[in-house]
Each structure stands twice: as structure tokens, then as C-alpha cells.
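Trainee: take this sequence and fold it.
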Amino acid sequence: MRLKPVNARDLSLETLRLFTGRTPLLTAGDRNICNPMTIGWGGLGELWQKPVCTVYVRQSRYTFQFMESHDYFTVSVLPESCRDALHLCGSKSGRDLDKIAACGLTVRYGAGDAPFFDEAELVLVCRKLYAQDMKPECVIDQAAAEPFYKEGDWHRMYVGEVVEAYQA
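Mentor: You can find the predicted model right below:
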């Protein structure tokens, strides 16, 4: 076990680059079944006096059903040496393949039995606080959003309280 618990409020500002310089894995589910997917959008901050992580999942994604049926999710930042695992988790569906077995990742569990990966450099275990569908009628800058929704399939936004954090 190479990851050590840390206080989410003690994470460095470099953590704020989590979604700009890295490709984290979002994982939802439990000890019985779970699914990871790569994510490129998200944010970290504070809401309701709690440290939070915001992620976005399209309803067509296999992970969506796990996000809906579980109260917790995790965000795992893997090192460059795991680039192939990130590629697989971003290009294959968990409907067709056990991505964790295919990648050879080591699953650990945090609060709420939320699965994450021991190979990670940073893990955020989050308890869902808020979820809302993104809607075209709410977009202020249509030109910014349009390239991402040519076929519809809008994202649902999830805001989770960071209840546990682990760092290598």
C-alpha cells in the first residue's frame, strides 16, 4: 500500500491542475462491480464550506449508471507509466470488457466502498452532494459548448465532497 491518507485541505495548489495537465480516472461502484473511465473535465474547490470535486458524465456512458446508483465516486490520478491503462479506460466500454482486469490495476476501497487504484499518485474519494443535467438552454457561450454537443448527449454534473484523499 503506497498511498497515504492526507487531509484534502492540505493538498497543494498543483492539485488544481488535476484536470488540465492530467487525465484522471473517474470510478464509481462498489466491491461487487465498478467501472473506471477517463475524464478530461472537472474542477476542485469549495462549496457549502466543504472541499469538493466536480465531474461530468454523459448519460450514454456505462459509468453513468454507477454514478447514479452509488453515493460515492473516486478520482484517481495515475502516473505516466500507466498511460496504456488510461488509454484503454478512455477508449473501451466497461459493458464489453472488464477494464480493471485488462489494465492490471490494483483496486482499493475508500469511504462508502468507493473503488480506487493503488497505482495512483493522488486519489480523491468523494460523496455526492449535488447532481444536475447540463442543458443547452442554460449555456451562455454557445460557441464554447457547441463543438462538444453536435450529437446532443449532454453531461450530468456531479459535485462531491472530498471525504478522503490519498497521495503517494
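Trainee: which residues in this protein form strands?
Mentor: Applying DSSP state E to the chain gives strands spanning 4-6, 25-29, 34-38, 42-47, 50-58, 72-77, 107-109, 115-117, 122-133, 155-167.
Trainee: where among these is the average confidence lowest?
Mentor: Among the strands of the chain, strand 4-6 carries the lowest mean pLDDT, at a mean of 78.
Trainee: who touches it?
Mentor: Applying C-beta atoms under 8 Å, 6 or more residues apart in numbering, the external contacts of strand 4-6 come out as 164-168. From N, CA and C alone the C-beta is placed, and that goes for glycine too.
Trainee: in the sheet, who's paired with the residue nearest the centre of the chain?
Mentor: Note on the chain: the residue nearest the mean C-alpha position is Leu26, at 2.5 Å, using C-alpha atoms, centre = their mean. Per DSSP bridges, the residues bridged to Leu26 are Met37, Val75.
Trainee: check contacts around it.
Mentor: 36-39, 55, 57, 63, 73-75.
Trainee: how does it look with 7 Å?
Mentor: Contacts were defined as C-beta atoms under 7 Å, 6 or more residues apart in numbering; by that measure Leu26 touches 36-37, 39, 55, 63, 73, 75.
Trainee: so which of those residues is the most crowded?
Mentor: When neighbours are counted by other C-beta atoms under 10 Å, Pro36 leads the contacts of Leu26 with 30 neighbours.
Trainee: isn't that one up against Thr27?
Mentor: Yes. Contact criterion C-beta atoms under 7 Å: Pro36 and Thr27 qualify, at 4.2 Å.
Trainee: about what we covered before: only whichever of the contacts of strand 4-6 are buried, select them in PyMOL.
Mentor: Buried residues within the contacts of strand 4-6, by 16 or more other C-beta atoms under 10 Å, are selected in PyMOL with:
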select buried, resi 164+165+166+167
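Trainee: which members of the contacts of strand 4-6 are the farthest-apart pair?
Mentor: The largest separation in the contacts of strand 4-6, counting by C-beta to C-beta, is between Glu164 and Ala168 at 14.6 Å.
Trainee: burial count for Phe148?
Mentor: Using other C-beta under 10 Å, the number of residues around Phe148 comes to 13.
Trainee: make residue 1 into 43 and carry on from there
Mentor: Sure, I'll start counting at 43 from here, so that last one is Phe190.
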